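Asks: kindly return the folded structure for what I paste below:
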Amino acid sequence: MMHLLIKKIRNRAQFFWNRIFCTKTSKNDLLTQKHCRQRSQFDRPLNLESISSFAAYAAYHEKMESEYANRTNRENQLIGDQQGFFTPGFCYVCSKNVDFFSNFAHAFLNADGRKIPNWREHMVCPHCHLNNRMRGAIQVFEQLCEAKLDDNIYLTEQKTPLYQWFQQNYLKVIGSEYLANTVPYGSLDKDRIRNETLTGLTFETNTFDYILSFDVFEHIPEYQVAFQETLRCLKPRGKLIFTVPFNRGSDNNIVRARLATDGTIEHILPPEYHGDPLNSKGVLCFYHFGWELLDQLCEIGFSSATAYLYWSEELGYLGFEQILFVAQKGDAEKMLS
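Replies: Okay, the predicted model is just below:
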């Protein structure tokens, strides 16, 4: 318990240090940094495989089987000391060669009983302190969207390193957390954290150029309502960029839990809890999604929905291919009745 208390104190101290002493970088400096990242895309391009259906993924997976085996063998060669190890690579965010750090927190065992790192949550850059999935989200976002510095961006998180990076590198960024009924929705708590619920966002219609949400929708029983709300808040041709737990081998969503008519939670599968920066007990996962999600997004009113798969040893994106989804709003939205 003592180490958890110390960790909380350190996190709170870092939060106030950033708020008091970290000033906003000038627009010219931000442009220079963005141009450096753009140049690195040409020198070290990230290959993105776009897929829009289960059938297309099945064909792709069959084509990639031997490559997957080669990647697994290579990753096994990179695994180092049980206390932690470094892997050389290039950080897109920092535009420099670095040694990414990994350890075996939240590791899993392979068929041979060997510990395999949770690559997605590790490969931490020693300079920007962002891990694999965070750096990947930034690079895919900038590579696909070509966002301008003054575009309106909303992240469905606020107490995370990823939000801090966007807040420091773009000019019009809003973040939020789900604080339940501690303060009214749309208002700030004592730490200036904004309270929002994705099933009833307080923003005006057509507000944002981009909405970014990472590992959130699976925790919302009425996830389709949440997607409708993001659609409403996007400007025409705006984009929702998100990740969710995804069963790429299934066309159908997997329901792990649901709300009963009396408001209690009914567990269909053993309870699964994910990490939460606001709750040490974690937050319940209601869904693992399948390829039908893309069709559901179009039925809700998005003009297109695509999955982008990526992997790169050089850029520090190890583990099985990560998937990031992009759903775009059309010029004229179509909402569910």
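Asks: now the helices for the stretch 1-150 of the chain?
Replies: Counting by DSSP state H, counting those that start in this stretch, the stretch 1-150 of the chain has helices at residues 2-21, 27-43, 54-78, 132-145.
Asks: looking at those, which is buried most?
Replies: helix 132-145 (a mean of 21; mean count of other Cβ atoms under 10 Å). For glycine as for every other residue, the C-beta is placed from the backbone atoms N, C-alpha and C.
Asks: and for it, what are the contacting residues?
Replies: 34, 37-38, 41, 46, 48, 91-93, 100, 119-125, 128, 130, 147, 161-162, 165-166, 210, 212, 214, 239, 241, 243, 308, 310, 315-319, 322, 324, 326 (Cβ atoms under 8 Å, 6 or more residues apart in numbering).
Asks: of those residues, which belong to strands?
Replies: 91, 100, 210, 212, 214, 239, 241, 243, 308, 310, 317-319, 322, 324, 326 (DSSP state E).
Asks: returning to that earlier point: can you flag the buried ones in the contacts of helix 132-145?
Replies: By neighbour count, with 16 or more other Cβ atoms under 10 Å, the contacts of helix 132-145 hold 34, 37, 46, 48, 91-93, 100, 119-125, 128, 130, 147, 162, 165-166, 210, 212, 214, 239, 241, 243, 308, 310, 315-319, 322, 324, 326 as buried.
Asks: got any ranges where this structure has weak pLDDT?
Replies: 1-25, 42, 332-337 (pLDDT under 70).
Asks: hmm, what's the outermost residue in it?
Replies: D262 (32.3 Å; Cα atoms, centre = their mean).
Asks: in which helix or strand would I find that one?
Replies: D262 belongs to no helix or strand when assigned by DSSP states H and E.
Asks: next one: phi and psi at it?
Replies: Dihedral pair for D262: phi -90, psi 10, per degrees, to the nearest 10.
Asks: what does G175 give?
Replies: According to degrees, to the nearest 10, G175 has phi -130, psi 170.
Asks: my read: it touches Q167, true?
Replies: Yes - with contact defined as Cβ atoms under 8 Å, G175 counts as touching Q167 (7.0 Å).
Asks: may I see the buried residues of stretch 201-210?
Replies: Quick answer for stretch 201-210 (16+ other Cβ under 10 Å): 201, 203, 207-210.
Asks: contacts for stretch 63-72, please.
Replies: 311, 313, 320.
Asks: just curious, which of these is nearest to E272?
Replies: F320 (18.4 Å; Cβ to Cβ).
Asks: give me every residue that touches that closest one.
Replies: Per Cβ under 8 Å, 6+ apart, neighbours of F320: 68, 311.
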